[in-house]
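Undergrad: this one's structure only:
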């Protein structure tokens, strides 16, 4: 991997190579060396230094992943168009369905709730902004994994509560549902948000108690969730063209 042209500051160019490699997902040190073509001691030294500054982190298997500081910097700079558009869309989805609505992004082997609109009264599934959940269960995890490259998809299925057949159905219909998969008594429906390139970058969800949402929650709410996800995708496409 080459940083085209280079900045003239070698250590920064190499650090950028590490971050660019990790954009594709978690990497062991050996995989990072292969991806960047850096010497093993150099790759390790840079990754550990970036980890100190929270630009890189480790997942549960000890692999290197992009760190939380990157998201914090994007938000602080006011450049995160998705988050800027998310709140009114989630509030409208909550009001339409009567259930709590969330927006998730993948971060390594986890998914993070980056925006939410909670049901104001009665039984609800409340997920606070900043909460980190597993990529092994739940409709949002299904959506965030379903359109990944085949090798990354199959790695993500190890230990998951859902199967490749389930993800194939998610791709075919454009949304996912789960019942008591992430948490007993809770059901959810999720749909993909796509960036301007068409890549899935987030998942919009509604979640609530099974007693209210039923064993086939998609029958009630899939259309509304898909419409909300498409609204956010459209915002990103329009913003790209400005």
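TA: Nice, I can see it. Not measured: the values here are computed from a predicted model. Numbering: from 1, shown residues only.

Undergrad: show me where pLDDT drops low in the chain?
TA: 1-5, 74-79, 122-125, 239-242 (pLDDT under 70).

Undergrad: ok, longest helix in it?
TA: As assigned by DSSP state H, the longest helix anywhere in the chain is helix 217-241.

Undergrad: Quick check, residue 87 in contact with residue 102.
TA: No. With contacts counted by Cβ atoms under 8 Å, residue 87 stays clear of residue 102, the gap being 11.5 Å. From N, CA and C alone the C-beta is placed, and that goes for glycine too.

Undergrad: overlap in contacts of these two?
TA: Taking Cβ atoms under 8 Å, 6 or more residues apart in numbering as the criterion, residue 87 and residue 102 both touch 115, 117.

Undergrad: which one of the two has more residues nearby?
TA: More neighbours surround residue 102 than the other of residue 87 and residue 102, with 30 against 14 (other Cβ atoms under 10 Å).

Undergrad: where does that one land in three-state SS?
TA: strand (DSSP: H, G, I helix; E, B strand; the rest coil).

Undergrad: and it, bridged to which residues?
TA: Counting by DSSP bridges, residue 102 is bridged to residue 116, residue 205.

Undergrad: which residues does it contact?
TA: By Cβ under 8 Å, 6+ apart, residue 102 lies in contact with 90, 113, 115, 116, 117, 127, 140, 204, 205, 206, 207.

Undergrad: same check, this time on residue 221
TA: Taking Cβ under 8 Å, 6+ apart, one finds 97, 99, 189, 206, 213 in contact with residue 221.

Undergrad: Those in strands, which ones?
TA: Applying DSSP state E to these, the entries found in strands are 189, 206.

Undergrad: between the contacts of residue 221, which is nearest residue 28?
TA: Of all the contacts of residue 221, residue 28 sits closest to residue 189, with 34.7 Å by Cβ to Cβ.

Undergrad: if I look at the closest one, how far off is residue 31?
TA: 34 Å (Cβ to Cβ, to the nearest Å).

Undergrad: got the contact list for stretch 38-48?
TA: With Cβ under 8 Å, 6+ apart, stretch 38-48 has contacts from 11, 14, 15, 17, 18, 29, 30, 32, 33, 36, 56, 64.

Undergrad: go on, stretch 12-23?
TA: Contacts for stretch 12-23 (Cβ under 8 Å, 6+ apart): 1-3, 6-7, 27, 32, 35-36, 38, 42-43, 46-47, 49-50, 55-56, 64-66, 70.

Undergrad: coming back round to it: tell me the buried residues in the longest helix of the chain?
TA: 217-218, 220-222, 224-226, 228-233, 235-236 (16 or more other Cβ atoms under 10 Å).

Undergrad: Check stretch 11-31 too.
TA: 14, 15, 16, 17, 18, 19, 21, 22, 25, 26, 27, 31.
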